[in-house]
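Engineer: Structure for this input, please:
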Amino acid sequence: MSSPATAPPAPNNLKRIVAASLIGTTIEWYDFFLYGSAAALVFNKLFFPGSDPLVGTLLSFLTYAVGFAARPLGALVFGHYGDRLGRKKLLVLSLLLMGGATFAIGLLPTHATIGTAAPVLLTVLRLVQGFALGGEWGGAVLLVSEHGDARRRGFWASWPQTGAPAGQLLATGVLSFLTAVLSDAAFGSWGWRIPFLLSGVLVVVGLWIRLSVDESPVFKQALEQAEARKAAGPGAPEKLPIVSVLRHHWRDVLVAMGARMAENISYYVITAFILVYATTSAGVSKQTALNSVLIASAVHFAVIPCWGALSDRVGRRPVYLLGAVGVGLWMFPFFSLIDTGGFGNLILAVTVGLVFHGAMYAPQAAFFSEMFATRMRYSGASIGAQFASVAAGAPAPLIATALLSDYGSSTPIALYVIGAAVLTVLAVAVAKETRNRDLSEVESAAGPEVVPARTADAHTV
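Structural biologist: The predicted structure follows:
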């Protein structure tokens with residue numbers, strides 16, 4: 001029987017929490033993805049002029065990858081303080097950092113104005129973006145996971161995940177509109193700044209909503225228990241969350257990292273690299289490529305909660321495995337459809353790819369949350385997710401662009417994604433199912449305590 005601290009919240013309260021997490025993650029992903037789209041479309045000319053077009057794109061994507069390099073640091077810092085101070089405070093900070101950096105990019109002088117200082121400043125701001133996003137994801141999904149009940153956790157926790165396609169939809173939509181109404185010269189001169197400056201307005205809205213929600217009841221209960229133990233008398237000092245994660249959950253961290261490989265790599269190949277491949281190899285216009293991603297992102301947004309609900313019925317692992325296998329099998333048809341240059345074929349290629357991606361991304365929030373204990377859950381989930389990003393999402397557009405430049409063919413790129421899918425299948429296959437786990441029945445960050453046998457068994461990998 002659930003205690004009052006862990007009883008499921010009223011439906012209206014839960015919906016407000018889900019909405020706050022979704023809007024916050026949408027804004028943060030909008031900021032992050034906006035940079036990726038701009039890197040593919042204009043940053044090579046504005047910040048790295050004089051280079052061969054593909055070389056300039058490679059340099060542009062290199063600054064894009066820097067944001068991923070900062071995400072593990074964000075995961076460590078935000079995870080530590082999120083497990084000590086709470087989820088809500090850190091989510092507010094992450095939104096302020098991300099929004100401030102994105103707004104500043106919109107004001108940044110280009111190479112033509114300040115020379116080499118321009119790409120340096122661009123890189124610094126990208127580092128701030130990555131640091132903020134490294135702390136955002138874990139807190140947002142945990143706030144929902146720890147408020148909801150186990151029976152529908154996959155469904156509710158998948159809604160913050162829709163922030164990724166929603167952010168992609170918003171970023172691509174704004175860029176698509178601007179490229180449609182502005183000439184190439186106007187867009188390259190000043191139009192590209194508008195989406196970045198718009199972030200300032202979005203952050204104000206996001207903060208207002210995010211400040212209105214309550215802290216996770218599971219975290220508050222765990223904090224009260226820790227304070228009661230301290231008041232009862234001196235005992236073993238509480239370990240740092242990261243130390244407890246590496247001691248008690250290192251297998252879970254490895255599983256999470258492996259699970260992220262296909263999900264992360266395929267997403268950035270499908271949504272970011274396509275803007276390069278379609279325009280340079282298939283002869284497709286920027287507008288057509290952006291519109292195909294725009295339409296597919298809308299479908300992606302719609303299917304993620306469906307996959308999340310299915311994971312509540314059949315388990316996290318079967319849905320995740322379906323997505324990993326599907327995205328691997330789809331890669332050769334994906335590039336073949338793009339090579340035709342037809343708008344309908346582009347939409348089909350990207351949409352099917354993102355539907356398979358959604359089967360991995362939807363259950364990921366609940367799956368990773370259920371792997372870790374309450375007082376180390378922010379650290380564990382964030383580290384597992386964000387450390388994988390350095391090897392997966394960070395270099396994905398860079399590697400894909402380099403393969404295209406060296407081989408002039410999509411075959412090596414397809415094999416690259418298929419290899420990532422194999423790694424993910426192996427990682428998820430060795431994991432134990434976590435569905436229906438009670439998140440309140442876990443050990444503290446000080447180490448294992450008395451844990452019900454069924455919970456301990458379900459938690460062991």
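Engineer: Point out the other helices and strands that the helix or strand Ile338 falls within packs with.
Structural biologist: Here Ile338 sits within helix 316-339, counting by DSSP states H and E. Packing contacts for helix 316-339, counted by 3 or more CB pairs under 8 Å, 6 or more residues apart in numbering; DSSP states H and E, involve helix 250-268, helix 274-280, helix 286-314, helix 343-369, helix 411-430. From N, CA and C alone the C-beta is placed, and that goes for glycine too.
Engineer: Among the ones you listed, which comes closest to Phe48?
Structural biologist: helix 274-280 (14.2 Å; CB to CB).
Engineer: Give me the buried positions along the closest one.
Structural biologist: Applying a neighbour-count criterion of 16 or more other CB atoms under 10 Å, one finds 274-279 buried in helix 274-280.
Engineer: quick check, nearest of those residues to Val144?
Structural biologist: Closest approach between the buried residues of helix 274-280 and Val144, by CB to CB: Ile274, at 30.2 Å.
Engineer: what about the closest one, distance to Asp149?
Structural biologist: Applying CB to CB, to the nearest Å, the value for Ile274 to Asp149 is 39 Å.
Engineer: re earlier: I'd like the average pLDDT over the helix holding Ile338.
Structural biologist: On average, the pLDDT along helix 316-339 is 97.
Engineer: Now that helix: buried residues?
Structural biologist: Result for helix 316-339 [16+ other CB under 10 Å]: buried residues 316-328, 330-331, 334-335, 337-339.
Engineer: For the buried residues of helix 274-280, which two are the farthest from each other?
Structural biologist: Ile274 and Thr279 (9.0 Å).
Engineer: Now do the shared contacts for the two.
Structural biologist: Common contact partners of Ile274 and Thr279 (CB atoms under 8 Å, 6 or more residues apart in numbering): Ala289.
Engineer: Look at Ala453 and report its pLDDT.
Structural biologist: Looking at Ala453, the pLDDT reads 34.
Engineer: hmm, I was thinking of Leu127
Structural biologist: Looking at Leu127, the pLDDT reads 88.
Engineer: go on, Glu449?
Structural biologist: Reading off the model, Glu449 has pLDDT 38.
Engineer: Also Lys220?
Structural biologist: Per-residue confidence (pLDDT) for Lys220: 78.
Engineer: what's the neighbour count on it?
Structural biologist: 14 (other CB atoms under 10 Å).
Engineer: Val124 too?
Structural biologist: 15.
Engineer: mind checking which helix or strand it is in?
Structural biologist: For Val124, the enclosing helix or strand under DSSP H and E is helix 117-145.
Engineer: average pLDDT for the helix or strand just after that helix?
Structural biologist: Downstream of helix 117-145, the next assigned helix or strand under DSSP H and E is helix 153-161. Averaging pLDDT along helix 153-161 gives 92.
Engineer: buried set for the helix or strand following helix 153-161?
Structural biologist: The first helix or strand that comes after helix 153-161 along the chain, using DSSP H and E, is helix 163-181. Burial within helix 163-181, assessed by neighbour count using 16+ other CB under 10 Å, is assigned to 163-176, 178-179.
Engineer: quick one, helix 163-181 and helix 343-369 angle?
Structural biologist: 150 degrees (axes from the mean of the first three to the mean of the last three CA atoms, to 10 degrees).
Engineer: the inter-axis angle of helix 163-181 versus helix 117-145?
Structural biologist: Using the same axes, to 10 degrees: helix 163-181 against helix 117-145 is 140 degrees.
Engineer: I'd like the distance from helix 163-181 to the chain centre, please.
Structural biologist: Offset of helix 163-181 from its chain centre (CA atoms, centre = their mean, to the nearest Å): 17 Å.
Engineer: quick one: average pLDDT of the helix or strand just after it?
Structural biologist: Using DSSP H and E, the helix or strand that follows helix 163-181 in sequence is helix 184-186. Mean pLDDT, computed over helix 184-186, is 86.
Engineer: residues in contact with helix 184-186?
Structural biologist: Outside helix 184-186, not one residue touches it by CB under 8 Å, 6+ apart.
Engineer: What helices and strands are in contact with whichever helix or strand comes after it?
Structural biologist: The helix or strand immediately downstream of helix 184-186 is helix 193-210, counting by DSSP H and E. Helix 193-210 is packed against helix 11-38, helix 87-107, helix 163-181, with contacts defined by 3+ CB pairs under 8 Å, 6+ apart.
Engineer: give me that answer again for 6 Å
Structural biologist: helix 11-38, helix 87-107 (3 or more CB pairs under 6 Å, 6 or more residues apart in numbering; DSSP states H and E).
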